[in-house]
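[1] sharing a model that was predicted from the sequence below.
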Amino acid sequence: MCLNITYRPMTAKKKDESPKAPVKKAAEKVEEEPKKKVKTPELLRGFRDILPEDQGRWNMVRDGIRNIAEAYTFDRIDMPILERTDLFHKTVGKATDIVEKEMYTFTDPSNRSVSLRPEATASAARAYINHGMLDRPQPVKLWYIGQMFRHDRPQAGRYRQFNQAGFESFGVHEPIVDAQLIVLGVQIFKDLGLDVKVDINSIGTPECRQAYLAELVAYFRQHRSKLSDEDKKRLQKNPLRLLDSKDDVTKELLDGAPQILDWLDEKSKEHFMKVLEFLEEVEIPFTLNPYLVRGLDYYSHTVFEFLLLDDKGEKSQNALGGGGRYDGLVELLGGREETPACGFALGIERIVRALSDRGIDPPQRPQPQVFFAQLGDAARRVGLNLYESFRQANIPVAEAFGKNALKAQLEAADKLNVQLTLILGQKEVLDGTIIIRDMESGAQEIVDVKKVVQIVEKKLRREEGVDPVTQSPVVEK
Ligand code: HAM
């Protein structure tokens, strides 16, 4: 690119007219104390900044989720991050890991126990009741995206503050709802270029689960001495969680354990079979996983998780998302009896990481083709307005308002590889003109500043092969 600078400023640089600070005499010099090094506060463990360089991938995921939510006619809802603690005690369950060990709970200045939300299904059900959505045409389909908090042990893909996007459908029993939610989830991953597999199970109604649990507890009691301390606690407090224990001994014992699917009542079985049939119909690959129970108490019937497949087609450990039916939750929170509901949530950090591991990059932001270079404050003032005019014309413009020397600004323009640089000095400000410099040839032309947006627009179109008058592609003669 040609960089010889032909612009000559009209007047010599003004001398600095600001009053000079008095020069300290050597004798007045005071011994300065050595400056204490300020310690920069560190991030809390399990919390992270999402940096500008990562935002492209985050936007890709957020946009993908929003597109699908809109296509499947879900309505967006935003709920508070802070809720009364008892909302989660009642719904997620007092004996779950989330409530027992992971909640950020504190007493607020009104002496009320409050918690940072560890998940948002409970809040969605609360909002559904609070705002009389029971009386709207059902299903009421809500989606949300936002931060959740769990004081879990931080590790890869597990944070203490993380983001979830969730989909909740209230008011319809039909198994098609469960199936469509799974289809919708799979579609989000497909659109992002990720291969996932669905693990699915049914945990039936609370009644058939009760009978199953009695059997499960009786089985594990026989083997109690072999269990880890953690699993002994589960056996006592939340035996269903033994099914997804990570302990090898428990895993081995599970081979001989009673399976929940054998304890489902006829209605639960029928519901589950229909969900599976729908999935087969639309060719969603799934695995029946009799040990999938999920870590929240409110589920009934269908439960499922989205698991990432690696290059060898193996499922990864950390689920990218999960959900299920929760037919009892609305009633539990004081809503209408027997209000059915089903939903799932996706972990955005895990999805972003999967994209990055697979080298799936976001589309590049269009690079500015125009650079604005200015000389002096009068030109900067015009520049501020001009910048906005270009934005309104949808032409991205780069600038270096903080730089003074033209050479430095042209170098910056050169680095950005722009086609055109606009140069505005004091003379041009007085004349109402501006210089357009073609960075390739070095040719410069002086134009009326009021017409510059239009002229630049035409030049860029011509460059892109579009005839500026007819708007049709230019045909080489
Ligand atoms: P969950 O399985 O606890 O379900 O969380 C859903 C997803 O959030 C997980 O699959 C995972 O991707 C992500 N996630 C969970 N914990 C963390 C963490 N500590 N760090 C990073 N990502 C995490 C729920 O929360 C239910 N509310 C889902 C639901 C909606 N069920 C019905 N409707």
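    Yep, that arrived. Numbers count the residues shown, from 1 in each chain.

[2] list the contacts of the nearest residue to Leu82 once chain neighbours are set aside.
    In space, and not counting its chain neighbours, Leu82 is closest to Val114: 5.3 Å by C-beta to C-beta, 6 or more residues apart in numbering. In short, each C-beta sits where N, CA and C put it, glycine included. Val114 makes contacts with Leu82, Glu83, Arg84, Thr85, Thr105, Phe106, Thr107, Asp108, as judged by C-beta atoms under 8 Å, 6 or more residues apart in numbering.

[3] what residues of stretch 351-371 count as buried?
    Ile351, Val352, Arg353, Ala354, Leu355, Pro368, Gln369, Val370, Phe371 (16 or more other C-beta atoms under 10 Å).

[4] so what touches that stretch?
    By C-beta under 8 Å, 6+ apart, stretch 351-371 touches 54, 56-61, 156-157, 189, 192-194, 308, 320, 390, 395-400, 409, 412-413, 416-422, 456, 460, 463.

[5] the residue nearest to Leu82 should be in a strand, yeah?
    Yes: assessed with DSSP: H, G, I helix; E, B strand; the rest coil, Val114 lies in a strand.

[6] partners of it in the sheet?
    Note on Val114: beta-bridge partners by DSSP bridges are Arg84, Phe106.

[7] what does the pLDDT read for it?
    As predicted, Val114 sits at a pLDDT of 98.

[8] check Glu464 too.
    Reported pLDDT for Glu464: 71.

[9] run a quick neighbour tally on it.
    Neighbour count of Glu464, defined by other C-beta atoms under 10 Å: 10.

[10] what does the chain have sitting close to the ligand?
    Contact residues (C-beta under 6 Å from any ligand atom) of the chain with the ligand: 119, 121, 150, 152, 157-159, 162, 164, 166, 168, 295-296, 319-324, 326, 343-345, 347, 349-350.

[11] switch to 5 Å and redo it
    119, 121, 150, 152, 158-159, 162, 164, 166, 319, 321-323, 343-345, 347, 349-350 (C-beta under 5 Å from any ligand atom).

[12] which of these count as buried?
    119, 121, 150, 152, 159, 162, 164, 166, 319, 321-323, 343-345, 347, 349-350.

[13] among those residues, which lie within helices?
    In helices, judged by DSSP state H, the following of those are found: Thr121, Glu349, Arg350.

[14] mind listing the strands in the stretch 201-350 of the chain by residue range?
    Here the stretch 201-350 of the chain has its strands, by DSSP state E, counting those that start in this stretch, at 286-288, 300-309, 315-325, 341-347.

[15] give me the sheet partners of the shortest one and which way each runs.
    Same thing as strand 286-288. strand 196-202 (parallel).

[16] thinking again about what came up before, including mean pLDDT, could the strands of the stretch 201-350 of the chain go into CSV?
    Converted to CSV, those look like this (pLDDT from 0 to 100):
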stretch, mean pLDDT
strand 286-288, 96
strand 300-309, 96
strand 315-325, 89
strand 341-347, 98
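
[17] Asp231 is nearest to which of these?
    strand 315-325 (18.5 Å; C-beta to C-beta).

[18] partner strands of the closest one, with direction?
    Going by DSSP bridges, the partners of strand 315-325 are strand 300-309 (antiparallel), strand 341-347 (antiparallel).

[19] so how far is the last one from its chain's centroid?
    Yep, that's strand 341-347 we're talking about. 15 Å (C-alpha atoms, centre = their mean, to the nearest Å).

[20] the first one now?
    Computed by C-alpha atoms, centre = their mean, the chain-centroid distance of strand 300-309 equals 20 Å.

[21] also stretch 343-356?
    Relative to its chain's centre, stretch 343-356 lies at 8 Å (C-alpha atoms, centre = their mean).

[22] Asn289 reaches Ile203, doesn't it?
    No: contact criterion C-beta atoms under 8 Å: Asn289 and Ile203 do not qualify, at 11.5 Å.

[23] compare the two (neighbour count), which wins?
    It is Ile203, of Asn289 and Ile203, that has more neighbours when counted by other C-beta under 10 Å, with 26 against 18.

[24] ok, the more buried one - contacts?
    Counting by C-beta under 8 Å, 6+ apart, Ile203 has contacts Arg209, Leu240, Ile260, Val293, Tyr299, Ser300, His301, Val303, Gly324.

[25] looking at those residues, which two lie furthest apart in space?
    Farthest apart among those by C-beta to C-beta are Leu240 and His301. That separation is 14.1 Å.
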